[in-house]
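> sequence-free structure coming up:
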């Protein structure tokens, strides 16, 4: 083999090696660009996911939306701003018993079980009227939405009739149906409807059931709750007449028995 051919072969080999290195470098560059691109896309996806998650966390829930509602559907048998004035009884009754309650309140349940029947009889007899103010603060202290949901359902009962409202309120507070304060059973529409089936006017009442399930009176319930917050009342149950608290004799607490209540209310009526 001539010296010339040997040099030519070597030059060709070097050229092939150079071409192979350039090709490999291009592959490495392309692979690196793909890795960077995928990483950027992944990072954007993570950021997007976080942003979406933050947006969802900051998005108002249904009750917050109801609280901010401008248009409020109020039940029948109400008056005042957004229908938050609920007065049950004969218009001729000279005095009004203001009753502040939270549906999840265990002491309210004790009051209703001990005194509720007496209140209903007094109202029916025209002894006084009852102004009901519903609260929802237990949902905040014990977490949940049962107070709000039950208040909305009470609105649905009030839309049927004042009598249905009073009977349904009694059923919610009854020993049979009222849950422990920490048990948020009133958050379930199905349970509220189950309780309603114990009230003749509400049993199988499709309009009532639809209002509960659709949350027809959710915004009304939130406006009612704001009325309670503005009242200055600190706890439930609280009874007021002529701007004075009605309490059991020798106590700062609401009367828990029919006898204690009758003594306290008769004294208030004479004042």
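Nice, thanks for sending it over. All of these numbers come straight from a predicted model, not from anything done at the bench.

> Residue 86 is in what secondary structure piece?
Counting by DSSP states H and E, the element that carries residue 86 is strand 86-88.

> Need the residues that contact that strand.
Applying C-beta atoms under 8 Å, 6 or more residues apart in numbering, the contact partners of strand 86-88 are 77-79, 96, 123, 129-133, 158, 162, 165-166, 224. Every residue, glycine included, has its C-beta placed from N, CA and C.

> and the two most separated of these?
Greatest spatial distance in the contacts of strand 86-88: 123 and 224, 19.5 Å, computed using C-beta to C-beta.

> nearest to residue 211, of the contacts of strand 86-88?
residue 158 (10.3 Å).

> surely the closest one meets residue 77?
Yes: between residue 158 and residue 77 there is a contact at 5.4 Å, judged by C-beta atoms under 8 Å.

> Pull the contacting residues for the residue most central in space within the chain.
Centroid check for the chain by C-alpha atoms, centre = their mean gives residue 145 as the closest residue, at 3.5 Å. Residues counted as contacts of residue 145 (C-beta under 8 Å, 6+ apart) are 63, 139, 184, 187.

> Tell me the confidence at the first one?
When you say that, I think you mean residue 63. Among the per-residue scores, residue 63 shows a pLDDT of 96.

> what do you get for the third one?
Note for residue 184: predicted pLDDT of 97.

> re the thing from before, anything in contact with each of residue 158 and residue 77?
86, 165.

> Now, the contacts of strand 86-88 that are in helices?
Among the contacts of strand 86-88, the members found in helices (DSSP state H) are 123, 158, 162, 165, 166, 224.

> Residue 141 versus residue 225, what's the distance?
14 Å (C-beta to C-beta, to the nearest Å).

> let me redo that: residue 126
Separation of residue 126 from residue 141 (C-beta to C-beta): 37 Å.

> Kindly report the same for residue 129.
Using C-beta to C-beta, residue 129 is found at 30 Å from residue 141.

> Looking at the two, which has the bigger crowd around it?
residue 129 (19 against 11; other C-beta atoms under 10 Å).

> Could you pull up the residues touching that one?
With C-beta under 8 Å, 6+ apart, residue 129 has these contacts: 87, 88, 89, 90, 91, 93, 95, 96, 97, 123.

> Quick one: low-confidence residue ranges for the stretch 151-271 of the chain.
Along the stretch 151-271 of the chain, the model assigns pLDDT under 70 to no residue.

> Now do the strands in it.
Applying DSSP state E, counting those that start in this stretch to the stretch 151-271 of the chain gives strands spanning 238-241, 244-245.

> Mind giving me the packing neighbours of the first one?
So the one you mean is strand 238-241. strand 96-102, helix 258-270 (3 or more C-beta pairs under 8 Å, 6 or more residues apart in numbering; DSSP states H and E).
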